[in-house]
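Participant: missing the sequence, but the structure's below:
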């Protein structure tokens, strides 16, 4: 999923996406451990997706905090 698509999602949607990606990463790790994983680069791709989602969630959190600070 592209970053622009992720930025258009709500925080709840991003949290759900994060849960799904973590589940996918777990399954890929199990497949890798049992030598059933066809493409080991999938691990890297999913880890980067998780990092993207976490980064965008953090940006949203900081923007919200800044807005609350500006109101005071």
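Facilitator: That came through, no problem. Please read all numbers here as calculations on a predicted model, not as lab measurements. Numbers count the residues shown, from 1 in each chain.

Participant: only C-alpha atoms from now on, for both contacts and neighbour counts.
Facilitator: Noted.

Participant: which helix in the protein runs the most residues?
Facilitator: helix 41-71 (DSSP state H).

Participant: averaged pLDDT, that one. What do you get?
Facilitator: Helix 41-71 comes out with an average pLDDT of 93.

Participant: now for that helix, which elements pack on it?
Facilitator: Counting contacts by 3 or more Cα pairs under 8 Å, 6 or more residues apart in numbering; DSSP states H and E, helix 41-71 is packed against helix 3-7, helix 11-33.

Participant: so which of these has the densest surroundings on average?
Facilitator: Ranked by average neighbour count under the criterion mean count of other Cα atoms under 10 Å, the helices and strands packed on helix 41-71 are headed by helix 11-33 at a mean of 15.

Participant: let me know the angle separating that helix from helix 41-71.
Facilitator: Between helix 11-33 and helix 41-71, the angle comes out at 160 degrees (axes from the mean of the first three to the mean of the last three Cα atoms, to 10 degrees).

Participant: closest to residue 52 out of the helices and strands packed on helix 41-71?
Facilitator: Taking Cα to Cα, helix 3-7 is the member of the helices and strands packed on helix 41-71 nearest to residue 52, at 7.2 Å.
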